[in-house]
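**Q** With the input below, show me the fold.
(chains A and B)
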2 protein chains.
Amino acid sequence: MAARLSCPVASKQRMSASPVAAQESSVGLVVPQTLVVDEPLALQCGKVLPAYQLSYETYGTLNAARSNAVLICHALSGDHHAAGYHNTADKRPGWWDNCIGPGKPFDTNRFFVVCMNNLGGCGGSTGPAAINPQTGKPYGPDFPIVTVRDWVTTQQRLGLALGIERFAVVAGGSLGGMQALDWAISQSEHIAHAIVIAAAPKLSAQNIAFNEVARQAILADPDFHGGRYAEHLTKPRRGLMLARMLGHITYLSEAAMRSRFGRELREGRIGFGFDVEFQVESYLRHQGQSFVDRFDANTYLLMTKALDYFDPAAAFDGDLSRAFSGVTTRFLVLSFQRDWRFPPERSWEIVKALTDADCRVCAMELPGDLGHDDFLKADPAYHGVLQAYMERVARICL
Amino acid sequence: MAARLSCPVASKQRMSASPVAAQESSVGLVVPQTLVVDEPLALQCGKVLPAYQLSYETYGTLNAARSNAVLICHALSGDHHAAGYHNTADKRPGWWDNCIGPGKPFDTNRFFVVCMNNLGGCGGSTGPAAINPQTGKPYGPDFPIVTVRDWVTTQQRLGLALGIERFAVVAGGSLGGMQALDWAISQSEHIAHAIVIAAAPKLSAQNIAFNEVARQAILADPDFHGGRYAEHLTKPRRGLMLARMLGHITYLSEAAMRSRFGRELREGRIGFGFDVEFQVESYLRHQGQSFVDRFDANTYLLMTKALDYFDPAAAFDGDLSRAFSGVTTRFLVLSFQRDWRFPPERSWEIVKALTDADCRVCAMELPGDLGHDDFLKADPAYHGVLQAYMERVARICL
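**A** Here you go, the predicted model:
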C-alpha cells in the first residue's frame, strides 16, 4: 500500500498554558495528522477513488506489542478531533474529550487512541470540498457516495499505516457505533472488542424520513447550485441550518426538551410575531447557525446516505445473527433509556442477534436524561460502565 | 352584529350522479357559504380587523328548538369542507366525511353540523391571501396573528348569524380539539358538550421545536419575499413542502411508518444517489408536493403560531383545573395510543384537570395504529365511541 504519513512528529504534545488543557486528565495540545494514500480505492457504489487523504489524531502511545490500539469512530457531524486542544486559545476540546485522556475511560496512559475523519467528511479527509484532480475544481456533487463499509476499509488502511494489525477496541456512538459493528462483521480477526453505543442495526422508516427532510432542505436551497456552491462562492446556509435544527430535535428526548426549555419565553411574554419567542426556538436557531460555519452541506448529504444504507443483515437475507456468524470479536452494547432516535429496543435487536450467533456480548441500558445526546455526556454511571469494560479489555489485550 | 349570509340557499343538496356521493351515508353535494362581517374584530394580539368574511359549510337541518347544532373545528391544514362533495368530479370528499353524514357519528339526520374555515385560513375565510382594503394588495405578512380564542370568537359570530345561541357539541381533533377546549373555557354557557380528540392542553417544547423548524423552512425560502410572495407572483413552494414533510413525520407513529414503508426500496435496490430510493421518501415528497398546491404559506405560519400560543392555563397561573372552574360543559376526551405528537398522557392532563374542577368527563384511550392521524381514520372502535357519545348528546340536548 502506497501510503505515507505527512507529519512524522507525534501528534500529542502536552502544554501548560491553558488552564483547561493543563488538567492532568487532558491529552493537552494535539496536532492533526494526514495520511496520503495513492493506492486507488474501490468503493461500494462501484466508483474508484484514485487517491485520497485521511486526517486523523492519535492520543497516547502504541505499545511494543501493538496490542493497545483503540479506534474511535465519529458520528454524523463529528471529525478526527476527538480529544485535547489544537491551540491554547481553543474554547472547547475535541468532541469526546470527556472520555479520552489520562485516567478516562479510554485511558491514554494505557491505550493508543486513534480517531480519523471519515472519507467524504469535511474535517480534512478527502471529501466533496476537496479538489478533484480530474477537473481541478472541488468534487462537490461528483464525490462518490460512501458507505460504512468504505469507512471500515479506509480506517483499516490507516491502522496498517500506523503499524496496527489488530485493534484492541473499535468504539463509537450512533453512526460511530455502526462502524464498530461493521468492523466486527467484516474484519473480526482485526478487532478484539467492539463498543457500540446508542446505535441501531439499521435505520427505521422514521429515521430515514428525518434524513430525507434534512436532505431536501439542503437540496432545495437555491444556494446549493446542484452541489457546486463552492464554485459559486456561496454555501446553502439556510438548508444546512434547517437540517441541523431538525437533527437536534431528534438528539434530545421530549422530557429533556421539556426540562431544559419547557415553554419558557425569552422575553417573558408573547410577541405575536415570527422572531424567536420560546427558548427552545433560540436553542435550535443557535445550533443551526453555528453548524453552518463549520460543516459542509455535501458532506451532510453523504453522511445521511451512509446512515440510510447501513444494513449489514441485508447480505444475509435480513438475518442479523447470520451476519455475526463466526465473529470472534467481543461486544459492549450500550443504549440510553430516553433516546428516541435509536431507542434501547434497537440496541437489543443487536444484542439478540449477537447471542443468537453465540457471540460474547455485554449490554447495558443506561438511564440517561438527554436522549440520543447522552452518548456524548460525561455521566458517571455511563463512564463507569465504559471504564469497567476497558479494564476488561486491558486484562485481555495488554 | 352587521353580518350577512352571502348565499341564502341551503348548503346541502343531494345528488345522484356520483357513485360515491350517492351513497346513503353521504351528505352528497354541498355548496360552501360565506358570512360577511362588517363589525370590527378586536384580536388578542391587539390589532383590529375592520371587516372579514368566513367560509363555512353546513350539513343537516337546524331544528326548531335550535338545539341540534354541532360545530366541527378543523386542525392545522384543514378547512370548512368537512363532508360531502363540491361537484360530481370530486375524487375525495371533505376531510371528515367518514364521521359526518346520515347514520355516521355526527348524524346529519339528527344534527345540524357546521364547519368553518378559520380566520387567517386559506379556504375562503379572510386570511393573508385576502386583499387588505387599506392597501388594495394581499395582506401577506401584515395579516395579524390570530389565536384559538380569536377563532372561538368568530365561530360564535357565525353561530349567531345562523341562529345558534348554544351548540350541542363543539368537536375537533388536534388543533381542532384545542378550539373545543377553549370554547368550553370561554363560552361554557354556549356549548353543551366538547369533544376533544388527540389534543393537548398546550404544546410541549418538542412540539414547538417542530413548528419552529417548519416556520424557518418557509421563512428562509427565497421565494417567501418576507411574506409578500403573491406580489412577486410566486410562492415559497420548497419551504412549504419541507414544512409539510416534517409535519407528516409527526402524524405517523414510528410503528406505522415501519409497517407501511419499512425500508422498502422503490426500485428494489440502492441507487447511490439522492433521488427517491426508499418508499418512505416517496410518500413524504408526494405529501409535500400536493400540499403546496392547495395551501398558503402565510396561513401555515399563522396556524403554527396559534398552536404554540395555545395555553388556556396561562391566565390561571398554569393551573388548568382553575381554567375549568365553573365550566358546565360536558366533555369527551379521546386519545390514540401511538400518537407521539399529542400522546395519551397529554389528554390525561386535560382529564385530570377536568375531574379536579368537578367537570363531567368521559375519556378513552383508543388503540389506533397510525398515530396522530388516527383521529381522521374510520376505525370502528373509535367511531363507535363517538357514536355512543353522540347518542348521549341526543338524549340530553334534543
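**Q** Endpoint to endpoint, stretch A:67-85 covers what distance?
**A** 26 Å (C-alpha to C-alpha, to the nearest Å).
**Q** per-residue confidence averaged over that stretch?
**A** Mean pLDDT, stretch A:67-85: 97.
**Q** what about it, distance to the chain center?
**A** 7 Å (C-alpha atoms, centre = their mean, to the nearest Å).
**Q** what does stretch A:360-374 give?
**A** 17 Å.
**Q** close to chain B, is it?
**A** No - Stretch A:360-374 lies out of reach of chain B by C-beta under 8 Å from any C-beta of the partner chain, never closer than 10.2 Å. Bear in mind the C-beta positions are built from the backbone N, C-alpha and C, glycine included.
**Q** end-to-end on that stretch?
**A** End-to-end for stretch A:360-374, by C-alpha to C-alpha: 25 Å.
**Q** pLDDT on it, on average?
**A** 96.
**Q** any residues touching that stretch, and which ones?
**A** A:174, A:198, A:250-253, A:255-256, A:259, A:330-342, A:344, A:347-348, A:351, A:354-355, A:377, A:379, A:381-382, A:385, A:389 (C-beta atoms under 8 Å, 6 or more residues apart in numbering or on different chains).
**Q** Return the subset of those residues lying in strands.
**A** A:330-336 (DSSP state E).
**Q** most neighbours, which of those?
**A** A:Phe336 (30 neighbours; other C-beta atoms under 10 Å in any protein chain shown).
**Q** any idea how far the closest residue to it other than its chain neighbours lies from A:Asn98?
**A** Among residues not flanking A:Phe336 along the chain, A:Gly368 sits closest, at 3.6 Å (C-beta to C-beta, 6 or more residues apart in numbering or on different chains). From A:Gly368 across to A:Asn98, the span is 14 Å (C-beta to C-beta, to the nearest Å).
**Q** which ones are touching A:Ile185?
**A** A:312, A:323-324, A:327.
**Q** Closest to chain B out of those?
**A** Chain B has its nearest neighbour among these in A:Pro312, at 12.9 Å by C-beta to the nearest C-beta.
**Q** what's the burial count for the closest one?
**A** Neighbours of A:Pro312 using other C-beta under 10 Å come to 21.
**Q** quick one: contacts for it?
**A** With C-beta under 8 Å, 6+ apart, A:Pro312 has these contacts: A:181-182, A:185, A:201-202, A:320, A:323.
**Q** which ones are touching A:Phe291?
**A** By C-beta under 8 Å, 6+ apart, the neighbours of A:Phe291 are A:77, A:240-241, A:244.
**Q** Okay, and it sits in which element?
**A** helix A:279-294 (DSSP states H and E).
**Q** buried sites along that helix?
**A** Buried residues in helix A:279-294, counted by 16 or more other C-beta atoms under 10 Å in any protein chain shown: A:279-285, A:287-288, A:291-292.
**Q** will you turn these into TSV that also has pLDDT?
**A** Listed next are these as TSV, based on pLDDT from 0 to 100:
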residue	pLDDT
A:Gln279	93
A:Val280	94
A:Glu281	94
A:Ser282	93
A:Tyr283	94
A:Leu284	95
A:Arg285	94
A:Gln287	94
A:Gly288	96
A:Phe291	97
A:Val292	96
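**Q** Low-confidence ranges, chain A, go.
**A** A:1-23 (pLDDT under 70).
**Q** can we see that at 50?
**A** Scanning chain A for pLDDT under 50 picks out the ranges A:1-3, A:6-21.
**Q** which other helices and strands contact the helix ranked longest in it?
**A** Longest helix in chain A by number of residues (criterion: DSSP state H): helix A:380-397. Judged by 3 or more C-beta pairs under 8 Å, 6 or more residues apart in numbering or on different chains; DSSP states H and E, the packing partners of helix A:380-397 are strand A:106-107, strand A:167-173, strand A:191-197, strand A:330-336, strand A:361-366.
**Q** what angle do it and strand A:330-336 make?
**A** 180 degrees (axes from the mean of the first three to the mean of the last three C-alpha atoms, to 10 degrees).
**Q** show me the contacts for A:Ser259.
**A** A:Asp369.
**Q** and the gap between it and B:Lys137?
**A** Distance from A:Ser259 to B:Lys137, by C-beta to C-beta: 45 Å.
**Q** mind giving me the domain split of chain A?
**A** A:3-206+A:312-397, A:210-305 (automatic domain parsing).
**Q** Among these, which comes closest to B:Gly46?
**A** domain A:210-305 (7.4 Å; C-beta to C-beta).
**Q** now the closest one, how far from the centre of its chain.
**A** 19 Å.
**Q** Alongside chain B, which residues does the stretch 251-398 of chain A contribute?
**A** Residues of the stretch 251-398 of chain A lying near chain B (C-beta under 8 Å from any C-beta): A:252, A:254, A:257-258, A:260-263, A:270, A:272-274, A:277-281, A:284-285, A:288, A:301, A:305, A:308-309, A:311.
**Q** go with 10 Å
**A** The stretch 251-398 of chain A comes close to chain B at residues A:252-264, A:270-274, A:276-285, A:288, A:301-302, A:304-305, A:308-309, A:311, A:314, A:318, A:340, A:343, as judged by C-beta under 10 Å from any C-beta of the partner chain.
**Q** Just to be sure, which of those are found in helices?
**A** Per DSSP H, these map to helices at A:254-260, A:279-285, A:288, A:301-302, A:304-305, A:308-309.
**Q** just the contacts of A:Phe291 that are near chain B?
**A** Okay, of the contacts of A:Phe291 touching chain B (C-beta under 10 Å from any C-beta), that's A:241, A:244.
**Q** between the contacts of A:Phe291, which is closest to chain B?
**A** A:Met241 (7.4 Å).
**Q** in what helix or strand does that closest one lie?
**A** With DSSP H and E as the test, A:Met241 turns up in helix A:237-251.
**Q** That helix relative to helix B:237-251, how many degrees between them?
**A** Using the same axes, to 10 degrees: helix A:237-251 against helix B:237-251 is 10 degrees.
**Q** by contact count, what packs against helix A:237-251?
**A** helix A:205-219, helix A:254-260, helix A:279-294, helix A:297-309, helix B:205-219, helix B:237-251 (3 or more C-beta pairs under 10 Å, 6 or more residues apart in numbering or on different chains; DSSP states H and E).
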